[in-house]
Each structure stands twice: as structure tokens, then as C-alpha cells.
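> Below are the sequence and a predicted model; questions follow.
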Amino acid sequence: MRIGVLTGGGDCPGLNAVIRAVVRRGVGEYGHEFVGFRDGWRGPLELEHRPLGVPEVRGILPRGGTILGSSRTNPSKIEGGYERIRENLASLGVEGLIAIGGEDTLGVATKLNELGVKVVGVPKTIDNDLNATDYTFGFDTAVNIAMEAIDRLHTTAESHHRALIVEVMGRHAGWIAFHAGLSGGANVILIPEQKFDIDRVCDYIERRFESQYSPIIVVAEGAEPIGGIPEAADAPLDAFGHVRLGGIAHWLEGEIGRRTGREARATVLGHVQRGGTPTAFDRVLATRFGLHAIEAVTEGQWGKMTALRGTNIEMVPLEEATTELKTVPESLYREAEVFFG
Ligand code: F6P
């Protein structure tokens, strides 16, 4: 078979491991041929592609990012976008497509599949917020990067008797903040799922200073105080309609300083969390997803995506990626509260 592969949405460590596993098993075991589409849905829309054989995937397992490139191009926003993708795939003789992406990319894959394009999905996101799978690759790497940053911030916070605030990614789900905060010994963790009371946060900070230690506050970019904060009227939106977040740590810096009289400083980790080499966990998960995705293609399991359930990889309907977001349950968040303050 001739199979197309693309990576869409925000990149994450482990994408190359999926591509490598798909191609190595696809060529070696099944004798398939591959077309690598560039920059997510832009590739099949604009017929931008590159060769994808075993030589092209040599040495990419430990590399971050994606050799295919990525974008947030949304075919729904382009007149006749879906139809154009279908025609372009047919013109290249591509009989099936492996779409590697998060909620948005897999949403497009679901729509295409309904329109008769043969698609298998592979879920990815550092946010770990796809309900269909216990874990997505990229998450473990992002958490480890954030944890290491917190470890480093502890020592400098102590030297200067400051409150240090670390902003991590997580638009609607606080998984990175929760795991990084718990593993890094944060004194407060703020997540989008739980609106926070700024007075309470300041009490935790005072308590920590009273015990002669400096507080570390981990905040997800999507976290909000009760009552909200004024949103920038001109905040840019991407093609999927998401507002570009970032800045809650700086808001906290001002509020904590004003309310407690203590020096507070913000660190925004941003895209550092998405870059660089994947952890062993992410390499293994991504590789297993790739191996199962190409098996599913070969068996004609169209409209399905790989999912980690316990320690098994299962094929589940593509819609499951988009029907419900996996957020941090309140009971889990409460478990961490014993370390606050
Ligand atoms: O969805 C992954 C993610 O990293 C989010 O955590 C974050 O809000 C967003 O992508 C950032 O997107 P961009 O790289 O387009 O700024």
C-alpha cells in the first residue's frame, strides 16, 4: 500500500519515534511505501510532501520535534479544504493516511474519515488531556523538564528569600502543573480545573516563609483566579480558535508582591517544555503507538486511533479523541493539598 503520514498541531517529543516505527515496520514487515506530508494538514492541502523510507528515518528516535514539520492549518477554515485533501491524496495514489496529532488534528481526521478518506490516528500532546488514552507521549518529557526547572528554582529561591512562580503549559487541563508540582515539591499548584483564591495562595506563601523556606508556586497557563483577570482584548487566536495563553505567572508576581510585601518573580517555561529529546517512557510509548498504527492500517481498521489502556495498546474510535477532554479530577488535586503552604 501507499500510505501518507503527517504530524499536526503543537509538536512534542516522540513524534519522530512514531514516524520511525511506522516506516520500519511498514516497509520491513508489510512492504508498504510511504509519503511524508509536510506541516500537518498543509501538506495534503498544498501537495507538499517528501520521501519517507527507511533511510529517512535512520537516527531520528532520540530527536525532538518532527522531521515532517507541523502547523495548525485547519482545513475547515479553507473553502473546499476537505475535498481538496481527498483529491490530492487520490492523485498521489495514497490509499491510507496516518495522522499524528492532538484534539484538533484528530478532529480533522475524524471528519475526513466520515467523508471516506481512510485514516488511522495516533494521539500526541504534552498536555495529556485526551480522554481516550491513559497517557500521550510528550507528557512525560514535559513533566521532567518542568520538574528539573522547579528543582533548580528551589535553590535560588532559598538564597534570595523570594517566592518563585513557574508557569507551565496546560490550556484546559493541569496535568503538567500537577505532576511537575508534585514531583518537584511545589508549595502551591494552580490548575485550570480549580479556580483559585488569591488570598489563600498568599496565606500559603506567608506560611512557607514563616517556616524559613521559600515558596515555589507552579501555575498552569490556563489557571484563573476566582473572579478572573482582565483578558487582553487583542489576544491572538490560532486557526482552531484558541487564544494564545501565557501571562498568569506575571499577574501572580504582581499580586503576591502587592499583597504580601515579599519579592515574587515569575519564570515562564513556554516551549522549552516541548523541545529536545524524549524520555525513555515517551520513546517507548511513541514507538509502540507507531507499531500498532501501521498494523491497524494493514488490517484496514480505518477511523480508529491507538490508545494506551493500562499497559496495553488498543485501537479505539477516532471520535473518542475529541468527545471529552481528560482533566485533573478534583479528588486527585485534593491529594496534593497536604503539601501546600
Ligand atoms: O497543545 C499543546 C500546547 O503545547 C498547549 O499546552 C499550549 O497551550 C499550546 O500548545 C501552545 O501552542 P503554540 O505552540 O501554538 O503557541
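Noted; the coordinates are in hand.
> how about the nearest residue to Q301 once chain neighbours are set aside, what does it touch?
Spatial nearest neighbour of Q301, excluding adjacent residues (Cβ to Cβ, 6 or more residues apart in numbering): M315 at 5.3 Å. Placement of C-beta: from N, CA and C, glycine included. Contact analysis of M315 by Cβ atoms under 8 Å, 6 or more residues apart in numbering lists 292, 296, 301, 304-307.
> Nearest residue to the closest residue to the ligand within the stretch 1-150 of the chain in space, please, no chain neighbours.
Going by Cβ to the nearest ligand atom, the ligand is nearest to G10 of the stretch 1-150 of the chain, at 3.5 Å. Spatial nearest neighbour of G10, excluding adjacent residues (Cβ to Cβ, 6+ apart): R274 at 6.4 Å.
> What of Q194?
The shortest distance from Q194 to any non-neighbouring residue, by Cβ to Cβ, 6+ apart, is to Y333 (5.9 Å).
> so is that neighbour in a helix, a strand, or just coil?
helix (DSSP: H, G, I helix; E, B strand; the rest coil).
> and it, how many neighbours does it have?
17 (other Cβ atoms under 10 Å).
> Would you check that it makes contact with H179?
No - Y333 lies out of contact with H179 (Cβ atoms under 8 Å); the separation is 11.7 Å.
> so I205 is in which element?
helix 198-210 (DSSP states H and E).
> check whether the very next helix or strand once past that helix contacts the ligand.
Toward the C-terminal end, the helix or strand that comes next after helix 198-210 (DSSP H and E) is strand 216-220. No - using Cβ under 6 Å from any ligand atom, strand 216-220 never reaches the ligand; the gap is at least 8.6 Å.
> for strand 216-220, which positions count as buried?
216-220 (16 or more other Cβ atoms under 10 Å).
> Sort out which one of these lies nearest the ligand for me.
Within these, the smallest distance to the ligand is 8.6 Å, found for A220 (Cβ to the nearest ligand atom).
> Pull the contacting residues for that closest one.
167-170, 173-174, 176-177, 190-192, 248.
> Now for those, which sits with the most neighbours around it?
That'd be V168 among the contacts of A220, by other Cβ under 10 Å, with 33 neighbours.
> hang on, isn't it packed against G222?
No - contact status for V168 versus G222: not in contact, 10.2 Å apart, counting by Cβ under 8 Å.
> where do the strands sit along the stretch 51-200 of the chain?
For the stretch 51-200 of the chain, applying DSSP state E, counting those that start in this stretch gives strands covering 96-101, 119-123, 163-168, 188-190.
> hey, which of those strands is tucked in deepest?
Comparing the strands of the stretch 51-200 of the chain by mean neighbour count (mean count of other Cβ atoms under 10 Å), strand 119-123 ranks first with a mean of 30.
> Is it in proximity to the ligand?
No - applying Cβ under 6 Å from any ligand atom, one finds strand 119-123 separated from the ligand by no less than 11.6 Å.
> Going by contacts, tell me the helices and strands next to that strand.
strand 96-101, helix 103-114, helix 280-299, strand 304-309 (3 or more Cβ pairs under 8 Å, 6 or more residues apart in numbering; DSSP states H and E).
> any idea of the mean pLDDT for it?
Average pLDDT, strand 119-123: 98.
> what does that strand rub up against?
18, 96-102, 105-106, 109-110, 112-113, 130, 132-133, 136, 289-290, 293, 296-297, 301-307, 318, 321.
> ok, back up a step: doesn't the residue nearest to Q301 fall inside a strand?
Yes - according to three-state DSSP, M315 belongs to a strand.
> And it, how close does it get to the ligand?
Plainly put, M315 is 23 Å away from the ligand if you go by Cβ to the nearest ligand atom, to the nearest Å.
> Quickly list what that residue is bridged to.
Beta-bridge pairing for M315 (DSSP bridges): T306.
> Kindly report the residues of the stretch 1-150 of the chain close to the ligand.
10, 102, 125-127.
> Show me the residues you listed that map onto helices.
Per DSSP state H, helices hold no members of those.
> Of these - the most surrounded one?
I126 (29 neighbours).
> got a pLDDT number for that one?
Value listed for I126 in the pLDDT field: 97.
> Could I get the contacting residues of it?
I126 touches 10, 12-13, 136, 138-139, 141-142, 169, 176, 273-274, counting by Cβ under 8 Å, 6+ apart.
> before we move on, the earlier item: out of the strands of the stretch 51-200 of the chain, which gets nearest to A239?
strand 96-101 (13.2 Å; Cβ to Cβ).
> Kindly calculate the angle that that closest one makes with helix 280-299.
Orientation of strand 96-101 against helix 280-299 (axes from the mean of the first three to the mean of the last three Cα atoms, to 10 degrees) gives an angle of 160 degrees.
> Now Q273. Nearest residue, chain neighbours left out?
The shortest distance from Q273 to any residue other than its chain neighbours is 4.2 Å, reached at A142 (Cβ to Cβ, 6+ apart).
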